[in-house]
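In: Sequence plus the predicted model coming up.
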Amino acid sequence: MKHTLSVLVEDEAGVLSRIAGLFARRGFNIESLAVGPAEQMGISRITMVVPGDDRVIEQLTKQLYKLINVLKVQNVTEVPCVERELMLIKVNATASTRSEVIELAQIFRARVVDVSEDSLTIEVVGDPGKMVAIVQVLQKFGIREIARTGKISLTRESGVNTEFLKSLEAKLA
């Protein structure tokens, strides 16, 4: 199972390196990683997606807390969250296919951010499932390049679990 960890750290040189080293020493992979300033000056939030069972994640959490600059570790996998990723995708788009590519991008609420004679660069923001879906749809045109951020996540103050609401809506349809 994949777990999403939200880690607050002191914003100091080498913190990310020590965290990555901890994972490497234990032979664990980080599937997604996003780092940026948090709400408080001098604090950064690291959001990472890590494969493993509950026991492994519990052990990693304990190990993370042993690192000097780590302030808080939260496993937000089962907590209602707002999750987003950003992806730039460069797709072949000839004169004959350009309008179809643009139409598909609009269906995904994506934006065309660059145009050339034979390609389009599209910006997509959303949950990881949306990223996979648009890549599959655009595959037939020929994908030249993809750049993705890691997943970022904040817990929902409302406590509303949108995944639960989506499953309920699907049952009613």
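Out: It's in. Computed from a predicted structure; not experimentally measured.
In: Quick one: list the elements packing against the top helix by length along the chain.
Out: Counting residues, the longest helix found in the chain (DSSP state H) is helix 54-66. Under the contact criterion of 3 or more Cβ pairs under 8 Å, 6 or more residues apart in numbering; DSSP states H and E, helix 54-66 touches strand 2-10, helix 15-25, strand 70-75. All C-beta atoms are positioned from the backbone trio N, CA, C, and that covers glycine.
In: If you average pLDDT over each of those, which is lowest?
Out: Note on those: helix 15-25 shows the lowest mean pLDDT, a mean of 91.
In: follow-up on the earlier one: buried by neighbour count: which residues of the longest helix of the chain qualify?
Out: Under the neighbour-count criterion of 16 or more other Cβ atoms under 10 Å, helix 54-66 has Ile57, Leu60, Thr61, Gln63, Leu64 buried.
In: which residues of this protein fall in helices?
Out: Going by DSSP H, the chain shows helices at 15-25, 54-66, 98-107, 128-138, 162-172.
In: Tell me what angle the longest helix of the chain forms with strand 70-75.
Out: Interaxial angle, helix 54-66 versus strand 70-75 (axes from the mean of the first three to the mean of the last three Cα atoms, to 10 degrees): 170 degrees.
In: Of the helices and strands packed on helix 54-66, give the one that comes closest to Ser32.
Out: strand 2-10 (8.3 Å; Cβ to Cβ).
In: Can you add distance to Ile89 and give the helices of the chain back as a markdown table?
Out: Listed next are those as a markdown table, based on distance: least, Cβ to Cβ, whole Å:
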| stretch | distance to Ile89 |
| --- | --- |
| helix 15-25 | 26 |
| helix 54-66 | 31 |
| helix 98-107 | 9 |
| helix 128-138 | 7 |
| helix 162-172 | 24 |
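In: Least confident of the ones you listed, on average?
Out: helix 162-172 (a mean of 58).
In: show me the contacts for the residue lying closest to Glu10 once chain neighbours are set aside.
Out: Closest residue to Glu10 apart from its sequence neighbours, by Cβ to Cβ, 6 or more residues apart in numbering: Asn69 at 4.2 Å. Shown in contact with Asn69 (Cβ atoms under 8 Å, 6 or more residues apart in numbering): Val9, Glu10, Glu12, Val15, Arg18.
In: Quick check on the residues you listed: which are buried?
Out: Val9, Val15.
In: so which two of the contacts of Asn69 are the farthest from each other?
Out: Glu10 and Arg18 (11.3 Å).
In: Show me the one of the helices of the chain that comes nearest Val115.
Out: Of those, the one closest to Val115 (Cβ to Cβ) turns out to be helix 98-107, at 8.3 Å.
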